[in-house]
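Visitor: Sequence plus predicted model, see below.
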Number of protein chains: 2
Amino acid sequence: MSVSLHVCITCRAGETVAEGTPCPGTRLHNALVAAGAPEATRIVPVECLSACSQGCAVALSAPGRWSYVYGRLSESDVSEILSGVAAYANAVDGIVPWRQRPVIFRKQSLARIPPLVLA
Amino acid sequence: MSVSLHVCITCRAGETVAEGTPCPGTRLHNALVAAGAPEATRIVPVECLSACSQGCAVALSAPGRWSYVYGRLSESDVSEILSGVAAYANAVDGIVPWRQRPVIFRKQSLARIPPLVLA
């Protein structure tokens, strides 16, 4: 199993960021790393998920599974994000029953993409 | 090469759709199929890309490449969408230089997701 949580670390989330201070995306990434990735998952920083007007944004993906992008997130969502990541990692096919998804995953989906067709 | 253009065929794009008539997502899918998929690409219908407030939506992906989701599309965008799909298919790594992307791909990105980490 190789679940990746990509976190956009360049996101300003509409804020004016003073020079030398971390932007909201970097702060979210740092907070997620500090809290710790759930078992069998990794937290991967990425420059821009092209969801700038809906930041901060993260993308959850794994081979053979649907990918999900969530937005309008901040450091206060760390615990809910990681609980959603753990549920995705533990679901056999990555499809978590609707009611078991964190509220932010139910309400702040930006998009989902079907598993890759390798043939 | 195996480039997939997933098209959400259940999208209502904010319209009230009369019973028995195709919704905007189905109409977009039909128009894309009628126009014909570019070489080495396939057009794949999918039920819901979870981008309902930004429909119609399509997702472009291929093994080892970034995936892209675009929104606020309609049948009038078919030719631009297919030109963007062809450019993506023809780019060695799927990364099309910014200025060579159709305007709708530059301005109507909902999200992009890094290539899967298989390790």
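Guide: Here it is on my side, so go on.
Visitor: which residue packs closest to A:C48, ignoring adjacent ones?
Guide: Leaving aside its sequence neighbours, A:C48 sits nearest to A:T10 (Cβ to Cβ, 6 or more residues apart in numbering or on different chains; 5.3 Å). (Glycine included, C-beta is placed from N, CA and C.)
Visitor: Contacts only, for that neighbour.
Guide: Contacts of A:T10 were listed using Cβ atoms under 8 Å, 6 or more residues apart in numbering or on different chains, and they are A:C23, A:G25, A:T26, A:E47, A:C48.
Visitor: Confirm that it sits in a helix.
Guide: No: counting by DSSP: H, G, I helix; E, B strand; the rest coil, A:T10 is not part of a helix but coil.
Visitor: Please tell me how far the closest residue to A:E75 other than its chain neighbours sits from chain B.
Guide: Using Cβ to Cβ, 6+ apart and skipping the chain neighbours, the partner closest in space to A:E75 is A:A31 (4.5 Å). Applying Cβ to the nearest Cβ, to the nearest Å, the value for A:A31 to chain B is 20 Å.
Visitor: Over to A:G25?
Guide: Distance, A:G25 to chain B, using Cβ to the nearest Cβ: 14 Å.
Visitor: With A:S53 instead?
Guide: Distance, A:S53 to chain B, using Cβ to the nearest Cβ: 9 Å.
Visitor: Show the pLDDT at that residue.
Guide: A:S53 carries a pLDDT value of 91.
Visitor: What does it show for phi and psi?
Guide: Main-chain torsions, A:S53, degrees, to the nearest 10: phi -80, psi -10.
Visitor: count of neighbours near it?
Guide: 13 (other Cβ atoms under 10 Å in any protein chain shown).
Visitor: residues contacting it?
Guide: Residues in contact with A:S53 (Cβ under 8 Å, 6+ apart) are A:G14.
Visitor: Quick check: phi and psi on A:E80?
Guide: Dihedral angles (degrees, to the nearest 10) for A:E80: phi -70, psi -40.
Visitor: how close does the closest residue in space to it that isn't next to it in sequence sit to chain B?
Guide: Counting by Cβ to Cβ, 6+ apart, A:P102 is the residue found nearest to A:E80 once chain neighbours are left out, at 4.2 Å. As judged by Cβ to the nearest Cβ, A:P102 and chain B stand 15 Å apart.
Visitor: Keep only those of the contacts of A:T10 that are in helices.
Guide: The helices, defined by DSSP state H, take in A:G25, A:T26 from the contacts of A:T10.
Visitor: closest to B:A57 among the contacts of A:T10?
Guide: Distances from B:A57 to the contacts of A:T10, taken as Cβ to Cβ, are shortest for A:C48 (19.3 Å).
Visitor: what number of residues lie near the closest residue to A:T41 other than its chain neighbours?
Guide: Of all residues not flanking A:T41 in the chain, A:V3 sits nearest, at 4.2 Å (Cβ to Cβ, 6+ apart). The number of residues packed near A:V3 is 22, by other Cβ under 10 Å.
Visitor: how about the contacts of A:T10, which pair is most distant?
Guide: Most distant of those, by Cβ to Cβ, are A:T26 and A:C48, 12.4 Å apart.
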